[in-house]
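Asks: build me a structure from this.
(chains A, B, C and D)
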There are 4 protein chains.
Amino acid sequence: MKRIGIIGGTGYTGAELLRILSVHPGARVTMVTSRERDGAAVSDVFPSLRGILDLRFIDPADADFTSCAAVFCAAPHGVAMTHARKVLDSGAVFLDLSADFRLRDAGQWQSWYGMPHTCPELLEEAVYGLPEVNRAQLRNARLVALPGCYPTAVQLGFLPLLKEGMAEPRGLIADAKSGVSGAGRRAEAEYNLCEAAESFKAYALGGHRHLPEIVQGLREAAGTEVELLFVPHLAPMIRGIHATLYAKLRADAPDDLQKIYEDSYRDEPFVDVMPAGACPDTRTVRGSNMCRIAVHRPGDGGTAVILAVEDNLVKGAAGQAVQAMNLVLGMDETAGLQSPAMTP
Amino acid sequence: MKRIGIIGGTGYTGAELLRILSVHPGARVTMVTSRERDGAAVSDVFPSLRGILDLRFIDPADADFTSCAAVFCAAPHGVAMTHARKVLDSGAVFLDLSADFRLRDAGQWQSWYGMPHTCPELLEEAVYGLPEVNRAQLRNARLVALPGCYPTAVQLGFLPLLKEGMAEPRGLIADAKSGVSGAGRRAEAEYNLCEAAESFKAYALGGHRHLPEIVQGLREAAGTEVELLFVPHLAPMIRGIHATLYAKLRADAPDDLQKIYEDSYRDEPFVDVMPAGACPDTRTVRGSNMCRIAVHRPGDGGTAVILAVEDNLVKGAAGQAVQAMNLVLGMDETAGLQSPAMTP
Amino acid sequence: MKRIGIIGGTGYTGAELLRILSVHPGARVTMVTSRERDGAAVSDVFPSLRGILDLRFIDPADADFTSCAAVFCAAPHGVAMTHARKVLDSGAVFLDLSADFRLRDAGQWQSWYGMPHTCPELLEEAVYGLPEVNRAQLRNARLVALPGCYPTAVQLGFLPLLKEGMAEPRGLIADAKSGVSGAGRRAEAEYNLCEAAESFKAYALGGHRHLPEIVQGLREAAGTEVELLFVPHLAPMIRGIHATLYAKLRADAPDDLQKIYEDSYRDEPFVDVMPAGACPDTRTVRGSNMCRIAVHRPGDGGTAVILAVEDNLVKGAAGQAVQAMNLVLGMDETAGLQSPAMTP
Amino acid sequence: MKRIGIIGGTGYTGAELLRILSVHPGARVTMVTSRERDGAAVSDVFPSLRGILDLRFIDPADADFTSCAAVFCAAPHGVAMTHARKVLDSGAVFLDLSADFRLRDAGQWQSWYGMPHTCPELLEEAVYGLPEVNRAQLRNARLVALPGCYPTAVQLGFLPLLKEGMAEPRGLIADAKSGVSGAGRRAEAEYNLCEAAESFKAYALGGHRHLPEIVQGLREAAGTEVELLFVPHLAPMIRGIHATLYAKLRADAPDDLQKIYEDSYRDEPFVDVMPAGACPDTRTVRGSNMCRIAVHRPGDGGTAVILAVEDNLVKGAAGQAVQAMNLVLGMDETAGLQSPAMTP
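Replies: So this is what the prediction gives:
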C-alpha cells in the first residue's frame, strides 16, 4: 500500500480525497494536515469517516513527507506553492488540486491571483493533470497541477472540436452551471441554504479565475488563439457541473460530430459520450469520476452545442487527482474510481 | 368587484391565479372549472386556500360565463381554442395562458403542436399579452394570448438590443434555466423529487415549442428575420427562470448598453434593470411579478450578455395574466401585483 | 398611515417584516436601523425590495422614534432591552421579536441567556404576543413580547388539550422540525447548502432556549405545572415548522377531540383546524400567517398526537408581530396578512 | 464470483442493489428482470450504469435462476411470494426486500396488505434479515426477509433498551422522518419536486404497514408485549431516515445508557454509537450502510431519547440485503459495503 499525505484536509476536496482513498486498493492516507484543526481527529470534523479513518490532523509545519509516495494539496491557492519544494525534496510526488501550478505563465498567475508566485521555476515541470490530454506525461510526472472543476468539463467538451479544427476558435461560449460545493466550504450567508436553495444566478461575469486556465488548454488543443466567453452560474444543488458549450462550426466541418466524439473518447475510462440526441443529467455522475458528454447540432446546424456533466468534487477535483495519482504511481488508472454514481 | 372565471384551475398556473386574485382589490374569482375534479372544493385540492376561497370546481361544460368580466384559461394547449368563442360570445374578455393563440400562423401552430387549430379566425384578433410591448392594444383587447414563461424572459432581455438595431439578428443564443414548476403539475418519475432534486440537465435541443413564439416576437422587434438558438435546462428548484442571453453586437453599437436598458424600461412597473455589474438571483423575484435584467459586456466587449430572471409562475404566467387583465378591464396595471418577492 | 420603525432590519425576520409591511394598508415603514449596514440602501441588502422600499439603514444610535406609532425589534436577544425604554418614552409601541421580554422571571432569563436582564422592571408590563391567548391585553399593550417560532406552534397545538384539562400535564413531548431560516441569517458552514441540504438532524437536546418559554405558556393554560420534553430538529428546507405533539389523555377525556379543537379556534383568523384524519403540509402555510392544526388519536387512543404547522418567519415571527401590531394600534387584526401561502 | 439475480430491478432499491453490487469483490449481477422494461438495456433505464453494467432486463417469466447463488427481490409486496418457491427450488438463496416474508403471521400479513399470502408455509423458514439480531441464523438461511427501512432504524435504536429491560414496554414513541425515496419510484404529483421540496408533513397516522413489523421485532427483544406509537413523516430530501425514539425508563434503569449502547454494538460493523451528547446528521450515512445512534436523557432523565439515522436505501434496504447475502453466502460481512458516506 502506498502511503499518501494530504495538505489542507478540512475542505470539501480534502473530504472527497479521504472518501475515495478510503476504499482505494493500493493507497492509504497516513497523514492529513490542517492548521486550524491541528490535533483534532479527522472523524470529528467528518463524522462520515467514523470507524473508517483513525487519524488526527497535524500542523503542516510538523509534516514529514518522506514516508509518503504522494502528497495531495487540497488547500486554497497560495498554499501549495509554499509546500511544493519541500514535498518534492522528500521524494514524494506532489499533486496540487489548487490553482498554483495550473498556469504556465507566472506573470499571468500573479495578475489573476493577486500575489506573486513563489516558485515560478517549478511551473515548467508541472504537468497539467487532465489524463485525457496528458496521460503519457503524467506517468512520468513529479509535480501535477490538477485542473479546476469548470476547466475539466469545458475542455473535455470542446477539445475534440478544436483538435480537429472543426470549430471557429473565436466566439466560443461556455455557459456553465455549478453546484454550491464548487465554492468550497464557505461560512458565508450567500451560501446559506436559505439564500442558495430555490435560487439560481450567474456570477463573475467580470472574469472568473478559471478563464485563463481554460483558454490555455483550448489554445494548445487548437494550435491557435481562441476566444472564449465563460459565464458561470450557481445552481441550487450540492454537487454537479453542467457545461453548455457553443461553438460555431467551420463550413467544412463533417456532418457526423457524434462519431468524432465517440472516436475521441472511445478508450477513455472516464469520459462517456452519450447516444445521439440524449441530454445527460448531472445526477448520473454524482459521486462518480465520469464525465458524460452529448453532442447536438440544433436549428440549422451551424453551431455545435456540447453538453458536458461531471461531479465537480470528483472528476472536477478529487477523483481526477486520484486518477492522476494512479498514473504517476504506476497503478491501474481506474483503481478506487469504479463506483457508479449514486442515484437517486 | 369584477367577477372572474378560470378554466382549468387544478394546475400550477391555475393555483397561482387563485393565489394572486385572492388579494386583488378589484376582482374576485367566482367560477373555476375542472373536468377531473368537478364538484370538489377548491380548498381540498389546494389546502393553502382553506378559509380564503369557498368555491367548488364545476364541469367546464356547465360553465356559464355571462356574469364574468374576464375568463382565464389555465388548461393545457388545445383546450382554450375550444372555449374561446363561447367565452367571447358571453361578453367576457378571454385571457389564455396556454399556447393556443400565441402564434399568428395557424399552420405553424399545427406543425409545432401536432393538431389543427380549431378557430384560426381568432388568431388575428388575439393580442399577445406582453404589456411592455403591447400595452396600448391590451387596453382594447377581447382576446389575450399570454406569453409563455421562457418567451417572457427571453424577449424582455433581448428586445432593447434588437429594437435599437444594436445586435446582429443572427447568432442569438438563449441559454435558459427553469425551475420544475415550469413543466406543470406532472405525475412523472422524471419530476419526482428523487430525480429532479440535486440534478441539472438540458432538454428539448431538438426544438422547444417556445422557440417559434420567441422568434416571432424578436422578429417583430427587430423588423427583420432573426436566428435564435434556444437551449432550455431544468434546474433543481420549484420556481424561477434565469435566461442567459448572448448577442453579438454590431460594430456601431453604443458603449453604454446600461443606459439603453434603463431608458427602455424606466417606466415599466415590472421590469427592473439592475445596476451595472450586478447579477440578479431568481430568488429576488420568487412570488413576485418582477422581471430583473442585467446587462454585461464581458471580455473584449463584442458580445452582450443579458441576464433576465422572473418567477415562471408569476411574470411568466399568472402574474402577467393579471397584469394584462388589469389593462383590459381598465384597472390600475399593478393592482394585486405589488407584493415583493418572498426571500428567503 | 401609521409610521413604523424597525430596529435590526438586516436579518430574516427584519426582511420579512419589510415584505409584509410593504403591502400593509395602514402602516408604512419609515425607519430601519442597522449598525453594520448604516447608510446602505435597504434594497441593496434585499434586492427583492428594489422599487418597493426607498429607505436607507440608519445607525440605531441616531434613531428618533418620536414619529413612529410602533417600533419592531428584530435584532438578536440582548438588544431589545437596551432600546425598550427609549422607544416607550418616545411614545411608540414596542414590539420585540427577540427573546428579551418573553420570560416573566428575570432570573430565569439570565440563566438561559447568560447575561443579566437590564430592564427587569418592564417584564411585568410586557404582554406575550400570542393573540389567540392574549387578544384583549394586546389591544391595550405598550410593550409586546412576540413568541418564538417553536413556542407559537407548540402552544397553539397543546393549548386546547391543556386548557380543558384533558391531557396529563406531565410527559408531554414536542418533536419539532424547523427549516433552516429558523436559525437566522447565519454565516456558518453548518448552514451552508452543502451541509444543510439533503440532511436531517436533531439538536439542542441538552436544552433549547424556547423550552422555558413554552413551559411558561403551557403552565398558565393548564393552571398547573407541566413537564415537557422538547426535541427540535433541523429540516432541509428554507421555511416551515412542523410540530408533532404527544400528550397522554386523561381517562375522562372526551372522545371527540376534533370538536374541541374546532370549537377552540372557530373564530381565530389565523388558526385552521384541519378535517379529521388530515395531515397538514408546511407548504400550505409557506409565506402565510396561518397555523394549521390536525388532531389524531392513533392506536388505542390513549395518546393524542397533534400536528401543527406554521411558517416560522410569518406566524412564527414577523406575521404574528404584525398581527399584534394591528391589535395594539386598533386596526383590523388581519390587515396585511391575508395573502394565502405560496404553493407550489 | 457468485452469480446474482435481481427480480424487479427498475425501482430505487433495485438501482441501489446494482450500484452496490457493481463494486462487490465476490458477486456479480448476471440477471435482472422487469416486466415493464423487458428487453431494455439496464443502462438505458439507469444511465449512471453506462459503461459499468452491460445487461438487459428480461421478463421474470423467462428467468432461469439455476445459475444464481442468490436472488434478490426488489419488487413491490405481493410479487416475491409468487417467485419464492421457484427460486428456492432452483437452488439459489432468496433475499426478499419487500414485505412478503417479514411478518410471521399470515393472517396479520393479509390484514395489513389486503391480500391472502400465497405461500404461508415459507413464513416459518424465513429469517428476518437484521444481522444485529439474527446473524447466526442468517449464516444458514435459504430465505431472508429483509427489514423495512423504518423498522431497521427503529429497532436498532430501541433494542438495547428493551433487551435489557430498562424501558417500559408501553408508551414507546417512534417519531420518524424519511426522505422521499422511501416512497419508491413514484409517478405521483405528491412526490413531484414542486410539492415535496420545501415542505414537511406527517402521514399514515391511521396505521403504517411498518408498524406490525416493528412491534414484532420489539416484542421478541423485550420478551413481552410492547405498545408503540409510530408517526412517520416525509422530509424534503432524497435519502435518509432519522428516527427520534422516546422510551420511559424504568425506575431501576442504570444511569449510564451510553455504555449500554456502546457495549451492545461494540462489534457491529454497521452500527456506530455516537459520543455522548452528539446528534447524528443523516448526511453522515448518505450512501453508506452505517446506522448511527445517539442516546440522550434530557430534562429530568426519566425518558430516554434515542436518535438513529440511516440511509433508507442502503442500511434500510439494499445495503442490508447485501450484508445479509454476504452472511448467507459465507463471505466477509462487510464486502462491498465499506465506502463511507458521500459528504457533502
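Asks: number of residues surrounding the residue lying closest to A:Gly316 once chain neighbours are set aside?
Replies: Spatial nearest neighbour of A:Gly316, excluding adjacent residues (C-beta to C-beta, 6 or more residues apart in numbering or on different chains): A:Cys149 at 3.2 Å. Using the backbone N, CA and C atoms, a C-beta is placed for each residue, glycine as well. Residues within reach of A:Cys149, counting by other C-beta atoms under 10 Å in any protein chain shown, total 28.
Asks: the stretch 51-200 of chain A: helices as residue ranges?
Replies: Applying DSSP state H, counting those that start in this stretch to the stretch 51-200 of chain A gives helices spanning A:80-89, A:106-113, A:131-139, A:149-163, A:193-196.
Asks: would JSON lines of the ones you listed with distance to D:Asn192 and mean pLDDT be doable?
Replies: Below are the helices of the stretch 51-200 of chain A laid out as JSON lines (distance: least, C-beta to C-beta, whole Å; pLDDT from 0 to 100):
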{"stretch": "helix A:80-89", "distance to D:Asn192": "45", "mean pLDDT": "97"}
{"stretch": "helix A:106-113", "distance to D:Asn192": "43", "mean pLDDT": "97"}
{"stretch": "helix A:131-139", "distance to D:Asn192": "38", "mean pLDDT": "98"}
{"stretch": "helix A:149-163", "distance to D:Asn192": "29", "mean pLDDT": "98"}
{"stretch": "helix A:193-196", "distance to D:Asn192": "21", "mean pLDDT": "98"}
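Asks: could these go into TSV alongside distance to C:Lys315?
Replies: Formatted as TSV, those follow (distance: least, C-beta to C-beta, whole Å):
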stretch	distance to C:Lys315
helix A:80-89	51
helix A:106-113	49
helix A:131-139	55
helix A:149-163	41
helix A:193-196	18
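Asks: out of those helices, which gets nearest to A:Glu220?
Replies: helix A:131-139 (8.1 Å; C-beta to C-beta).
Asks: helices or strands up against the closest one?
Replies: Helix A:131-139 is packed against strand A:127-128, helix A:149-163, helix A:319-328, with contacts defined by 3 or more C-beta pairs under 8 Å, 6 or more residues apart in numbering or on different chains; DSSP states H and E.
Asks: for the ones you listed, give me CSV that also has distance to D:Ser98.
Replies: CSV is the format used below for the helices and strands packed on helix A:131-139 (distance: least, C-beta to C-beta, whole Å):
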stretch, distance to D:Ser98
strand A:127-128, 51
helix A:149-163, 40
helix A:319-328, 35
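Asks: which stretch among these comes nearest C:Ile293?
Replies: Closest of these to C:Ile293 is helix A:149-163, at 46.7 Å (criterion: C-beta to C-beta).
Asks: for the closest residue to A:His83 other than its chain neighbours, report the pLDDT, please.
Replies: Leaving aside its sequence neighbours, A:His83 sits nearest to A:Ile7 (C-beta to C-beta, 6+ apart; 5.7 Å). A:Ile7 is assigned 98 on the pLDDT scale.
Asks: tell me which parts of the stretch 51-200 of chain A are close to chain B?
Replies: Taking C-beta under 8 Å from any C-beta of the partner chain as the measure of proximity, the stretch 51-200 of chain A contacts chain B at A:171, A:173, A:175, A:177, A:179, A:194-195, A:197-200.
Asks: need the contact list for A:Pro169.
Replies: A:162, A:218, A:222, A:224-227 (C-beta atoms under 8 Å, 6 or more residues apart in numbering or on different chains).
Asks: most neighbours out of those, which is it?
Replies: Ranking these using other C-beta under 10 Å puts A:Leu218 first, with 25 neighbours.
Asks: how far off centre is whichever strand or helix holds that residue?
Replies: Assigned by DSSP states H and E, A:Leu218 belongs to helix A:210-222. On the basis of C-alpha atoms, centre = their mean, to the nearest Å, helix A:210-222 sits 14 Å off its chain's mean C-alpha point.
Asks: how does chain A divide into domains?
Replies: Per automatic domain parsing, the domain ranges recorded for chain A read A:2-125, A:150-312.
Asks: so of those domains, which one's packed in deepest?
Replies: domain A:150-312 (a mean of 22; mean count of other C-beta atoms under 10 Å in any protein chain shown).
Asks: contacts only, for the closest residue to chain C within the stretch 1-150 of chain A.
Replies: Among the residues of the stretch 1-150 of chain A, A:Tyr12 lies closest to chain C, at 6.8 Å counting by C-beta to the nearest C-beta. A:Tyr12 makes contact with A:181, A:184-185, A:313, C:194, D:344, according to C-beta under 8 Å, 6+ apart.
Asks: could you rerun that using 10 Å?
Replies: By C-beta atoms under 10 Å, 6 or more residues apart in numbering or on different chains, the contact set of A:Tyr12 is A:74, A:180-186, A:238-239, A:312-313, A:317-318, C:189, C:192, C:194-195, D:343-344.
Asks: then A:Leu122?
Replies: Counting by C-beta under 10 Å, 6+ apart, A:Leu122 has contacts A:80-81, A:84-85, A:88, A:94, A:96, A:100-101, A:106, A:142-143, A:145.
Asks: can you rerun that using 7 Å?
Replies: Counting by C-beta atoms under 7 Å, 6 or more residues apart in numbering or on different chains, A:Leu122 touches A:84, A:101, A:143.
Asks: same question, A:Ile7
Replies: Contacts of A:Ile7 by C-beta under 7 Å, 6+ apart are A:33, A:60, A:71-75, A:83.
Asks: chain C contacts on chain A?
Replies: Residues of chain A lying near chain C by C-beta under 7 Å from any C-beta of the partner chain: A:12, A:180-181, A:185-189, A:191-194, A:196-198, A:238.
Asks: what are the phi and psi values at the closest residue to A:Pro169 other than its chain neighbours?
Replies: Spatial nearest neighbour of A:Pro169, chain neighbours left out: A:Val226 (4.3 Å); criterion: C-beta to C-beta, 6+ apart. For A:Val226, the backbone dihedrals (degrees, to the nearest 10) come out as phi -120, psi 160.
Asks: please report how far A:Val226 lies from chain B.
Replies: In this view, A:Val226 and chain B are 12 Å apart by C-beta to the nearest C-beta, to the nearest Å.
Asks: A:Ala317 now?
Replies: Separation of A:Ala317 from chain B (C-beta to the nearest C-beta): 18 Å.
Asks: how confident is the prediction for A:Glu164, by pLDDT?
Replies: 87.
Asks: which ones are touching the residue lying closest to it once chain neighbours are set aside?
Replies: What sits nearest to A:Glu164 in space, not counting adjacent residues and going by C-beta to C-beta, 6+ apart, is A:Ile260, at 6.2 Å. A:Ile260 is in contact with A:160, A:164, A:254, counting by C-beta under 7 Å, 6+ apart.
Asks: do the same with A:Val42
Replies: The contact partners of A:Val42, taken as C-beta under 7 Å, 6+ apart, are A:9, A:18, A:32, A:49, A:53, A:55-57.
Asks: in TSV, list the residues you listed along with distance to A:Gly299.
Replies: Below are the contacts of A:Val42 laid out as TSV (distance: C-beta to C-beta, whole Å):
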residue	distance to A:Gly299
A:Gly9	48
A:Leu18	46
A:Val32	51
A:Leu49	49
A:Leu53	52
A:Leu55	55
A:Arg56	58
A:Phe57	54
